[in-house]
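Visitor: What follows is a predicted structure for the sequence shown.
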Amino acid sequence: MKTMQGLLEIIKTSVLIEYKRRVNYKISFFSELAIFLFAYLSIFIFTNSSDLQEMYQVNASEASILVMIGFIFWNFGVLALGKSSSSIQDDARIGILENKIQSNYSITLLTFIETLVVVTLNFVFILLLIIGTFLFVDLPLSKLLVTFIESCLIVLPAVIGMFGIGLIFSGLSLVEKSIGQFIMIFQALLLFVANVSGPIEHSAQYIIPYAFGVDIMRSLFSGQGFSVITFLLYLAINLFWLLIGVGVFNFFLKKEKLLGSFDTF
């Protein structure tokens, strides 16, 4: 009972902190929003969706939604990666990481809760994106809203997988101290190497946490089925990244504890 109360208190505190951050640092919040909006408009306007139309047997308007689905998965994915990778680095910089490590809850659990809070608050932005897209496509809003709800459910395993990759970067940040620019480059790279604006071209792309999820969601939208094996592979890929991320982070954390270098940030 106390454990559940403690977790609820952590969630409440994380929500409050994230809310205050967005209210008090408006320029940072709106600049992040503008970057994601620009990325979406660039993909939505300039992407040639003919490959998607042919693969899923849909019209141009429906193909635009398939592109939007790819963007939704990428957006949630990079949010999870960005928050999980920056949280540890920021905590170390301001001197509260050691306090968190001494908590009754693991630092990875605390970071995961903070990441889920950020991802959940982003639902509002994605919903507004859906409504805005409705103005440019010849599809009923109800179908777009159903797509939104389904995407939010199917993307959850990918959020966990991307969180795992973020933990890898968090572990590296304990050693290298500052890797923020590299994370931004990696997030942008994922926009182009995954199946965000088109279908998968090489099987190696499925190692990306959300690649299978995008395919599954696009199949649902276009009325095509997907196999149980595909869904299990989707879960397995993200479990793989979570386990790797936790293992790498714990390795570097243990190493830094032995060296006692938290105060060098």
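Guide: It's in.

Visitor: What segments of this protein are helices?
Guide: Under the criterion DSSP state H, the chain contains helices at 2-24, 26-46, 50-56, 60-94, 97-101, 107-134, 141-154, 156-176, 180-193, 211-221, 228-259.

Visitor: Could you pull up the mean pLDDT of the fifth one?
Guide: Think helix 97-101. Here the mean pLDDT over helix 97-101 is 75, rounded to a whole number.

Visitor: which residues are contacting it?
Guide: Around helix 97-101, the neighbours that count as contacts under C-beta atoms under 8 Å, 6 or more residues apart in numbering are 88, 91, 107, 110, 253, 257, 262. Glycine gets a C-beta too; all of them are placed from N, C-alpha and C.

Visitor: Could you tell me how many residues sit around the third one?
Guide: Read that as Ile107. For Ile107, the neighbour count with other C-beta atoms under 10 Å is 20.

Visitor: Can you give me the distance of it to Leu8?
Guide: Counting by C-beta to C-beta, to the nearest Å, the separation of Ile107 from Leu8 is 19 Å.

Visitor: swap in Asn59?
Guide: Relative to Leu8, and taking C-beta to C-beta, Asn59 is found at 47 Å.

Visitor: Check Ser173 too.
Guide: Distance, Ser173 to Leu8, using C-beta to C-beta: 29 Å.

Visitor: surely Thr147 meets Phe73?
Guide: No - taking C-beta atoms under 8 Å as the definition, Thr147 is not a contact partner of Phe73, at 11.9 Å.

Visitor: Comparing those two, which residue is more hemmed in?
Guide: With other C-beta under 10 Å as the criterion, Thr147 and Phe73 differ in neighbour count, and Phe73 comes out ahead with 30 against 22.

Visitor: Tell me which residues touch the more buried one, please.
Guide: 151, 155, 158, 196, 210, 213-214, 217.

Visitor: The residue lying closest to it once chain neighbours are set aside - how many residues pack around it?
Guide: Nearest-residue entry for Phe73: Tyr210, 4.1 Å, with adjacent residues in sequence omitted and distances by C-beta to C-beta, 6 or more residues apart in numbering. Close neighbours of Tyr210, defined as other C-beta under 10 Å, add up to 31.
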